[in-house]
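>>> Output the structure for:
(chains A and B)
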Amino acid sequence: MTVLDAEGRIVMANAAAARLMEVVSVEQLIATPKTKLWARFALYDANGRPLGEPDMARVRARRGALNPPPMLVRRIDRTTGEQLWLLAKCSVLHDDGDRPAMAMYVTEDVTAAKRAELGQRLLAEAGRLLSSPLELDAALQRVAQLTVPALADWCGIELPGPGGHLHLAAVAHLDPAKVAVAHRLRARHPIHVDDEGAVAGVLRTGVPMRMDNIGPEQLRAAAADDEHLEMLEALGLSALLVVPLRSRDDVLGVLALVASQPHRRFDDADQAAAEALAQRVADALRNARLLRDRYEIATVLSAGLRPEPSPVVPGCAVASVYRPAGEDVQAGGDFYDVIDAPAGSIVVMGDVVGKGAQAAALSAVSRVTLRTAGRLTGEPRAALDELNHMLRRRGAVSLCTVVAIALPTELPGAAEVLLAGHPPPLLVRDGVARAIGEPGPMLGAVEVAEWKAVTVELAPNDVFVLYTDGVLDCVLAGGERFGETRLRRLAELAGDDVEALASALEGELAHLRLRDDVAMLAIRCPGAPALLARGTLDDEAEPLLELTLPGGPAAPDAARRALAAALGGRLSERVENDALIVVSELVTNAIRHGGARRPADEVAVHAALRDGALRVEVTDPGPGFEPGGHGPRSDGGFGLHLLDRLATRWGVTGGKPVTVWVELER
Amino acid sequence: MERDEIEFTVDVGGGPDGSVVAPRGELDMATQGELRAALEQQAARGAVTLDLSGLRFLDTSGLRLVLETAEAARRDGFVFTVLPGIPAVQRLFEIAGVMELVPFRERGTP
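The predicted structure follows:
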């Protein structure tokens, strides 16, 4: 407490006032001239604006008022750099003539309370911003703004950027105009993570750094040239506090706080507040990264890594179940694929060791490797070799189990099954399931390995069931494992109805706890030719059309007209329309890719009805049929995709000439 | 069906938003070239509407032409609009799963 007379001289003071003004006694306080007393300190208002002589004059002028409002002043000791928050209250005492005679100042040191309040508000605000739906960059910018002037005069948030340079992700300055200077400074003088300065150092070491008393000499030493120095001086730099944005063991970036007020220094309390704030920011950064990684994985996967629900195996009915164990990830470590190979299709299913995002990534690489090698060589064994090789070359231990089944172009025929650490597929025939294949080593485990192919002669309507461990490892309500016996029973119950098997398994899984990703693929071979065998009618079929057309662009139209006339409205309009699309498609394909471009190259069109099902066959001279992919026979997969959607069943027989048959049920 | 009576033709007329190209008959590998030429010619003028209502039939040769024109419109920056055809024609777009790739507009809407 001090009491001033009308001239502003201190007439009375207590010991606390002397301590506050940093003089040894009350007597000295009263004896020291006012200007000399105040010259020791730099004063700022609550918003960080310096209180100069005009401000002080205004403060004095308030003495005229009866109840001047209390004023919060930030006072910095010019010698020690100590910062205090002072709340000054003033009461005016009047003389008999009602003139202000004396003013009593009660000045309270509210530093502790003010700091706690600022710190808490900072953290609360930062927490709110960082968890808000703001883009991370925008949130960081707002956080930087929060620290000014509560904690510092300017603030930068630095993150590692491209090329090992630091990226100034956010910057705030007491003087908004200086923000541009900060950005310009950084653009001219980028900081590399290996640089010597404080910011790069903290990023490398994760140890906070404080620097006080930065004077003109230090600035000059730090500046590369006059222009650099000019910018540093414009920004103001008298004390620096750099704390790491640390998440677990990683330093994700740094929070740099700068005091530009001369003599200001950062103390332990400032550092504690900055570190608490940095923790919030680091947590938010880490979360944002996790979120972004997941988002990227989900996006990439939905764009193609997740296996197709119903891959096309020409002539076969296919059903699948695919359930990644991670709830927020679209795909997991399990995969399957159908690869078009020169001599047929290679069906693969795999399971990479691991879970979540990394497993999904490895799974994608494995799938691509198998696909490329399978397509080029047509050899499942070569595909396994290549993947094994690839996994061995990867730095980390990368393991993958695979089952590969090579199916011939003409089905049913001889299939080959190879196992690389994968559970053996089931072959279901006449309601009985048996496991096929001889165990071989997992891929990535050994440098050189042999996988023995087991050949099985397929019969019409045989069903292959491929699955991953995840199916067997599901946990039943009682804690029991789902196991192979249950799967076998489901497969036998479903018989040759692959859709029924998929639904039954989906139904089971719906109640089960998944321990791992789950994949199941069921493939049914084409049945015995129902009506026609390569243009030959069986006794019960009713022939509709036997037509030979000259090749050339007019053939599809001719085939449609002939088929429409032969049907004569006996099928529903929709089935008839589908049949016309089908015959048009098949004949177009025969001309485009089957070598029937010239009139001399004939295309045969056969159609017959039995039990209300329509079968259409188109035979062309054909160099061979390459289903599914982007071979010369396909319209980029478009025509085949369409056939697959329209047909109840379809298939390909022969090599040269080739017959494509399609059955439609009404 | 009186298929024999329908010859394939391509009518080109004016509309409020540029030319309207209206194929009639059946669109397949034999006829798609004529329609392609008409579409390309009109597209060069900045906007073209393909009216499918006169088609009796469409297969993937025609479907591909429509998709390629839609792609060219995006790439070359002309306005391409398609007026839907009869259900049998629309079914092909639906089965092929390409409805979203074709800029369909209902008749009479802007």
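
>>> Where is the longest strand in the chain?
Picked chain A for this. Ranked by residue count under DSSP state E, the longest strand found in chain A is strand A:83-94.

>>> wait, chain B
strand B:18-27.

>>> contacts for stretch B:52-60?
A:556, A:560, A:580-581, A:584-585, A:588, A:635, A:638-639, A:642, B:3, B:6, B:11, B:22-29, B:62, B:82-86, B:88-89, B:92, B:96, B:107 (CB atoms under 8 Å, 6 or more residues apart in numbering or on different chains). Just so you know, the C-beta spots here come from the backbone N, C-alpha and C atoms, and that holds for glycine as well.

>>> Report the buried residues of the helix or strand encompassing A:I405.
Assigned by DSSP states H and E, A:I405 belongs to strand A:400-408. For strand A:400-408, a neighbour-count test (16 or more other CB atoms under 10 Å in any protein chain shown) marks A:400-407 as buried.

>>> From the contacts of stretch B:52-60, keep the buried residues only.
A:556, A:560, A:580-581, A:584-585, A:588, A:635, A:638-639, A:642, B:3, B:22-29, B:62, B:82-85, B:88-89, B:92, B:96.

>>> Mark which of these are part of helices, please.
Taking DSSP state H as the definition of helices, the buried ones among the contacts of stretch B:52-60 contribute A:556, A:560, A:580-581, A:584-585, A:588, A:638-639, A:642, B:62, B:88-89, B:92, B:96.

>>> Between these, which sits nearest A:Y105?
Closest to A:Y105 out of these is B:A96 (85.9 Å), distances taken as CB to CB.

>>> Isn't that closest one up against A:H641?
Yes: B:A96 lies in contact with A:H641 (CB atoms under 8 Å); the separation is 7.1 Å.

>>> for A:S310, what are its contacts?
For A:S310, the contact set (CB under 8 Å, 6+ apart) comprises A:318-320.

>>> now, which of those sits nearest A:D268?
Closest approach to A:D268 among those (CB to CB): A:S320, at 62.1 Å.

>>> so is the closest one in a helix, a strand, or just coil?
Using DSSP: H, G, I helix; E, B strand; the rest coil, the structure places A:S320 in strand.

>>> OK, contacts around it?
Residues near A:S320 by CB under 8 Å, 6+ apart: A:307, A:309-311, A:336, A:502, A:519-522.

>>> Tabulate the buried residues of strand A:400-408 (JSON lines), appending pLDDT.
What follows is these, written out as JSON lines (pLDDT from 0 to 100):
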{"residue": "A:C400", "pLDDT": "92"}
{"residue": "A:T401", "pLDDT": "94"}
{"residue": "A:V402", "pLDDT": "96"}
{"residue": "A:V403", "pLDDT": "97"}
{"residue": "A:A404", "pLDDT": "97"}
{"residue": "A:I405", "pLDDT": "96"}
{"residue": "A:A406", "pLDDT": "95"}
{"residue": "A:L407", "pLDDT": "94"}
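
>>> Show me which of the residues you listed is closest to chain B.
Ranked by distance to chain B (CB to the nearest CB), the buried residues of strand A:400-408 are led by A:L407 at 25.5 Å.

>>> just checking, the closest one touches A:V347?
Yes: between A:L407 and A:V347 there is a contact under CB under 8 Å: 6.5 Å.

>>> and chain B, which residues reach chain A?
Along chain B, the residues adjacent to chain A under the rule CB under 8 Å from any CB of the partner chain are B:1, B:3-4, B:26, B:28-30, B:57, B:59-61, B:63-64, B:88, B:91-92, B:95-96.

>>> pretty sure A:D137 is touching A:H167, no?
No: if you go by CB under 8 Å, A:D137 and A:H167 don't touch, sitting 10.1 Å apart.

>>> Leaving out chain neighbours, which residue sits closest to A:L257?
A:A152 (3.7 Å; CB to CB, 6 or more residues apart in numbering or on different chains).

>>> Could you report the pLDDT at B:L83?
Here the pLDDT value assigned to B:L83 is 95.

>>> same check, this time on the one 4 residues further on
Confidence at B:P87, expressed as pLDDT, is 91.

>>> Tell me the bridge partners for the residue nearest the centre of chain B.
For chain B, the residue nearest the mean C-alpha position is B:L50 (4.0 Å; CA atoms, centre = their mean). Beta-bridge partners for B:L50, by DSSP bridges, are B:V21, B:V82.

>>> A:P244 now?
Residues in beta-bridge contact with A:P244 (DSSP bridges): A:V254.

>>> and it, how many neighbours?
23 (other CB atoms under 10 Å in any protein chain shown).

>>> was I right about it contacting A:Q271?
No: using CB under 8 Å, A:P244 is not in contact with A:Q271, being 11.8 Å away.

>>> Give the residues shared as contacts by these two.
Between them, A:P244 and A:Q271 share the contacting residues A:P208, judged by CB under 8 Å, 6+ apart.

>>> Quick one: the strands in chain B, in order.
Counting by DSSP E, chain B has strands at residues B:9-15, B:18-27, B:47-51, B:55-58, B:79-83.

>>> Make TSV from those and add distance to A:A113 to it.
What follows is those, written out as TSV (distance: least, CB to CB, whole Å):
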stretch	distance to A:A113
strand B:9-15	76
strand B:18-27	73
strand B:47-51	70
strand B:55-58	79
strand B:79-83	67
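
>>> Which among these is found nearest to A:T653?
Using CB to CB as the measure, strand B:55-58 is the one of the strands of chain B that comes nearest A:T653, at 27.6 Å.

>>> Show the average pLDDT along the closest one.
Mean per-residue pLDDT for strand B:55-58: 92.

>>> now stretch A:568-581
88.

>>> what comes up buried for that stretch?
Neighbour counts over stretch A:568-581 (16+ other CB under 10 Å) mark A:571, A:575-581 as buried.

>>> Among these, which one sits closest to chain B?
Nearest to chain B among the buried residues of stretch A:568-581 is A:N577, at 4.4 Å by CB to the nearest CB.

>>> thinking that closest one is in contact with B:R91, fair?
Yes: A:N577 sits in contact with B:R91 when judged by CB under 8 Å, with a separation of 6.8 Å.

>>> quick one: low-confidence ranges for chain B?
B:1-6, B:17, B:108-110 (pLDDT under 70).

>>> 50 - rerun?
B:1-3 (pLDDT under 50).

>>> who touches A:A459 in this structure?
A:A459 sits in contact with A:412, A:429, A:525, where contact means CB under 8 Å, 6+ apart.

>>> ok, the first one - how many residues close by?
The one in question is A:P412. By other CB under 10 Å, the residues close to A:P412 number 20.

>>> Then the second one?
When neighbours are defined as other CB under 10 Å, A:R429 has 17 of them.
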